[in-house]
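Visitor: dropping the sequence and predicted coords here.
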Amino acid sequence: MTSGYAIVAVLVVALGTILVGTYGLRVSRTTSDFYVASRTVSPWWNASAIGGEYLSAASFVGIAGLIFAYGPDMLWFPVGYTAGYLVLLTMVAAPLRRSGAYTLPDFAEARFRSRVVRAVASILALAIGWLYLLPQLEGAGLTLNTVTGAPDWVGALIVTLVVTVNVMSGGMRSITFVQAFQYWLKLTAITVPIVFLIVVWQVHGAESMTKPEFPAFRQDTKVTFGHQTTIHAEQSIFVKGSGEIDGLRIEDAGLVLTNGYHRIGQGSEFTFPQGGAVPHVSTMDHNTNATWALPESSGQKFPLYGVYSLIIATFLGTMGLPHVIVRFYTNPNGTAARRTTLIVLGLLSVFYLMPPLYGALGRLYTPELLMTGQTDAVVLVLPTRMIDGIGGQLLGALVAGGAFAAFLSTSSGLVVSLAGVLSQDVLRLGGVRGFRISTVLAGVVPLAMTFVSTGMPVADMVGLAFAVAASSLCPLLMLGIWSTRITTVGAIAGMLAGGVPALTAGLVTMFSDADDSWYEVLLSRPAAWTVPLGFAVMYVVSLLTPRHVPPGVQRAMVKLHAPENLGLDGSGPSSADERS
Amino acid sequence: MQDFLTAAAILIVGGAAVLVLWRGTRNRQSLSTEAQRVTYETLHTAWSAAPPLRAGLVPDAAKKSARHLRTLLDTPALALTDETEVVAWEGVSEHHAAEAMTQAEDVFLTGRTQAFDIGCTEPNCPINCAVVAPLTVEGRVVGTLAAYSREASAGLVRATNQVARWAAGQLELAELDRSRTRLVEAEVRALRAQISPHFIYNSLSAIASYVRTNPERARTLLLDFADFTRYSFRRHGDFTTLAEELRSIDQYLALERARFGERLKVTLQVAPEVLPVTVPFLCLQPLVENAVRHGMEGKVEPGHIQIYANDGGAEAQITIEDDGIGMDPEKLRRTLAGQVDESAGIGLGNIDERLRRVYGDEYGLVVETACGLGTKITVRVPKYHAGINGM
């Protein structure tokens, strides 16, 4: 599906990002209209910026792909990504802002007064950030592959280059207004096409999505297999084309695929007939549209465990993401931090209405993705498939541009945060030079990782990053804010006890082929056991080592929980209150 | 799975190598002779006792140092007192702490080390006598160090005396630290009181000139003047937010523009992300005042002042630039080195000193200037610093 418009859209987004980064949004003012009080970032702007940075590849292409492939269980992804902010709002947002910490390691040091706690938190933040960057790059590779046919690594390389160069030159560095603009761009890019697509679906007769049959090709469909793929034909199906099937080389001829498994060679190109049931890729459960629409149809072992694990990971993981916390610093006080979070909830909810619609329409209009396994591409392919001519091309370009904006903004936020952690806590290199070296390192590591990972769905990978965050940094934040008994030893033990197993499980699932062992789901969805482990170890070890309660814990609690304008935090009332 | 195992193996081997190297560099040379070992142990214990002593004779710190001092003297118990009470008791038989002050009083009177026979009725108490030595700081006894033991040997008296002298030395250093802090605080107070009489006179006459022609503007200016002085004279807190500091600068500039009119041109460009950053109180306003003075001095044509506050990742970067007469770099160097030179004002040197004290040497002022070529001053402030934002 090569489309000139889509390439232009991707280029415009990439170049626009560089230009805005280089020249910035420079608004010079003279003192006559300069008013300090009105210039703090309003919660609306800040919330849009958080939305812009937060809506990543997983949100833009990943969720639709998972719902398309695995059905309604996957609705917990968008629900969890949003609800994570609810937990953040009620438990963490305001105290975190009051702590004055700029990053998670800062919070760890401020609360526990220990360099060691800080170091452990830094390493975990780094691991989570890299784990989260990886799916962004894979998503970019997939998008570019879908719209231009370029190899997967090209997209990843382009995103890494744009982001690294941009961050190094000082651009995109937490420019609130740029990120805020990105949110509205993404919302437009995903909403406008879906409106047209739903109209088209209605015009086509509003076909039911839950018929008791397998998804079928709507027309003769030519499919190119980029990798060697094992597929499972649901019914005998007659295919034409060139390539290799089950080791048999055929050139421009027809062949009947019998019901069962078939191995298709790399580079094969076959045309599937209209009305034929779509074969599924072997790693996916083969569902009819009716069973797809039911819960627990994903074909995983222990689907209920998987769902609960996902809920825990996404609800509690958001607060542990390194680029989310930095944004709260821009709020002038705890109240504004809370208001910002509330608006974020609204903005995310609106956005997340859209991806499930793409996933569902995909069952009708782009079922061949179930066979190639590139389910993440459903958002990108759908507009051109459903609407013929230039209209579909333009909508497709809009979606592709929006997806690229998603990769760029999230990756930028992450790289800035990671470079900060690297230069401050790991390399110990200060100044511009240290920051630049760290930026390159922050970008290159996940780029290298894309070459060895096995290409699992991007939203699943993001889910793993959330699981690690929820098992390690979430206990640190929650217990650190809400308990006076946590000791330095307990904090370190808890972070390691939760984080290390979750990280190991994540790496095993990512870099080794998923097998059918009974423990597979424990590794691919670790949160349900690692999160309680992290919390329990942190609390119990703290109770066992009461001598290591950090000094001044009561004062720290006052600072975290007392509203700023009471002046209890030791810094005295700010002069704005002094005046009243 | 194979890939993963390989990766894990590489990680483990790499980690082990780092650990070995790290241990290697830290490995202490084994101490060869007895004298070296004793010297090492004594000095190491003394060195451990020093940092808490530098905080002065306060209960928490004194408790920590008393533990090490008792190791030095090898007695069952040891006490530290200040002029009024026992601040730390380390070791056994804490019931003797109540009578420690009566013995200390004698030592305060004489200023000499004395041994007391205190006797004890309790059967298991290993304490029979006390050796109390004065802690003399700048010729004045500020406290005592009491070593409790079964018998007061001459050796114990001599050793106690030496340890007390060493501890007194550390207390003297603590005193020095405190006076240095007081000096900087005094300078900040001076800075606060430094609103120059000229500025007050000029502002008030500029406001007066508007009272008839433009009463509304005169009222705004008066409010600016009130707010500005209130901020500058405020008594509490060494830190403020960048937003507050910029607000004060805004008011200051409004007053200066009332005076200079069109001749003073100001460009302000502030990234909203850095507004909540905590900065030392009055660390920017004097720099702006300097810029206005240097930018407008001896000139008829307009002077242009630019103030930028940019977001630099983990730090905020503020630059203040004027196109005025500039400064002599040599003179400036002397000012920053601490030789007060009235022409550059107390401002630059004091701000530089405070920034360095709070954030470390790499965060000092950066001044680019030459005679006749204007001045550009850059201040960098980390967004988070354990000493300030810490809880």
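Guide: It's in. Residues are numbered from 1 along each chain as shown, chains lettered A, B, ... in the order given.
Visitor: shaky segments in the chain?
Guide: The chain I'm using is chain A. A:1-3, A:21-40, A:170-175, A:430-431, A:454-455, A:513-516, A:567-580 (pLDDT under 70).
Visitor: meant chain B actually
Guide: Short version for chain B, where the test is pLDDT under 70: B:1-31, B:188-195, B:235-236, B:338-346, B:389-391.
Visitor: show me the strands in it, by range?
Guide: B:77-81, B:86-91, B:114-117, B:129-137, B:140-149, B:239-241, B:264-270, B:278-280, B:303-312, B:315-322, B:366-369, B:375-382 (DSSP state E).
Visitor: in the third one, what counts as buried?
Guide: Counting neighbours by 16 or more other Cβ atoms under 10 Å in any protein chain shown, one finds that the buried residues in strand B:114-117 are B:114, B:115, B:116. The C-beta positions use only the backbone N, C-alpha and C, and glycine is treated the same way.
Visitor: which among the residues you listed gets closest to chain A?
Guide: residue B:116 (34.9 Å; Cβ to the nearest Cβ).
Visitor: hmm, the closest one is touching residue B:103, no?
Guide: Yes. Applying Cβ atoms under 8 Å as the test, residue B:116 and residue B:103 come out as touching, 5.0 Å apart.
Visitor: overlap in contacts, those two.
Guide: Shared contacts of residue B:116 and residue B:103, defined by Cβ atoms under 8 Å, 6 or more residues apart in numbering or on different chains, comprise B:130, B:132.
Visitor: is it true that residue B:282 touches residue B:233?
Guide: No. In terms of Cβ under 8 Å, residue B:282 does not count as a neighbour of residue B:233; the distance is 10.6 Å.
Visitor: looking at these two, which has the bigger crowd around it?
Guide: residue B:282 (23 against 10; other Cβ atoms under 10 Å in any protein chain shown).
Visitor: the more buried one and residue A:13, how far apart?
Guide: 45 Å (Cβ to Cβ, to the nearest Å).
Visitor: repeat for residue A:185
Guide: For residue A:185 relative to residue A:13 (Cβ to Cβ), the value is 8 Å.
Visitor: then residue A:51?
Guide: 17 Å.
Visitor: look at residue A:185 and residue A:13 and report which has more neighbours.
Guide: More neighbours surround residue A:13 than the other of residue A:185 and residue A:13, with 24 against 19 (other Cβ under 10 Å).
Visitor: how about the helices in the stretch 251-391 of chain B?
Guide: Residue ranges of the helices in the stretch 251-391 of chain B, as given by DSSP state H, counting those that start in this stretch, are B:285-296, B:329-336, B:345-359, B:386-389.
Visitor: tell me which of these lies nearest to chain A.
Guide: helix B:386-389 (3.4 Å).
Visitor: contacts for that closest one?
Guide: Outside of helix B:386-389, the residues within contact range by Cβ under 8 Å, 6+ apart are A:99, A:100, A:101, A:102, A:106, A:109, A:110, A:113, B:239, B:278, B:358.
Visitor: so which of those wins on neighbours?
Guide: Neighbour count (other Cβ under 10 Å) singles out residue A:106 as the most crowded of the contacts of helix B:386-389, with 30 neighbours.
Visitor: sorry, back to before: of the contacts of helix B:386-389, which is the nearest to residue B:377?
Guide: residue B:358 (17.3 Å; Cβ to Cβ).
Visitor: from what I see, that closest one and residue B:280 are in contact.
Guide: Yes. Taking contacts as Cβ under 8 Å, residue B:358 lies within contact range of residue B:280: 6.0 Å.
Visitor: measure stretch B:123-139 end to end?
Guide: 41 Å (Cα to Cα, to the nearest Å).
Visitor: please disregard the earlier target; I meant stretch B:335-354.
Guide: By Cα to Cα, one end of stretch B:335-354 lies 14 Å from the other end.
Visitor: stretch A:267-285 now?
Guide: With Cα to Cα as the measure, stretch A:267-285 spans 24 Å from end to end.
Visitor: how far off centre is it?
Guide: 29 Å (Cα atoms, centre = their mean, to the nearest Å).
Visitor: just stretch A:4-23 next, same as before
Guide: With Cα atoms, centre = their mean, you get 21 Å for stretch A:4-23.
Visitor: with just CA atoms, put it into PDB.
Guide: Extracted as PDB, the C-alpha positions of stretch A:4-23 are listed here (Å, rounded to 0.1, in the frame of the first residue of the first chain):
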ATOM      1  CA  GLY A   4       2.400   9.300  -2.100                       C
ATOM      2  CA  TYR A   5       0.200  11.400   0.200                       C
ATOM      3  CA  ALA A   6       1.100   9.400   3.200                       C
ATOM      4  CA  ILE A   7       4.800   9.700   2.500                       C
ATOM      5  CA  VAL A   8       4.400  13.500   2.200                       C
ATOM      6  CA  ALA A   9       2.400  13.500   5.500                       C
ATOM      7  CA  VAL A  10       5.100  11.600   7.400                       C
ATOM      8  CA  LEU A  11       7.800  13.900   5.900                       C
ATOM      9  CA  VAL A  12       5.800  17.000   6.900                       C
ATOM     10  CA  VAL A  13       5.500  15.800  10.500                       C
ATOM     11  CA  ALA A  14       9.200  14.900  10.700                       C
ATOM     12  CA  LEU A  15      10.400  18.200   9.200                       C
ATOM     13  CA  GLY A  16       7.900  20.200  11.100                       C
ATOM     14  CA  THR A  17       9.100  18.700  14.400                       C
ATOM     15  CA  ILE A  18      12.700  19.600  13.500                       C
ATOM     16  CA  LEU A  19      11.800  23.100  12.500                       C
ATOM     17  CA  VAL A  20       9.700  23.800  15.500                       C
ATOM     18  CA  GLY A  21      12.400  22.300  17.700                       C
ATOM     19  CA  THR A  22      15.200  24.400  16.100                       C
ATOM     20  CA  TYR A  23      13.400  27.700  15.900                       C
END
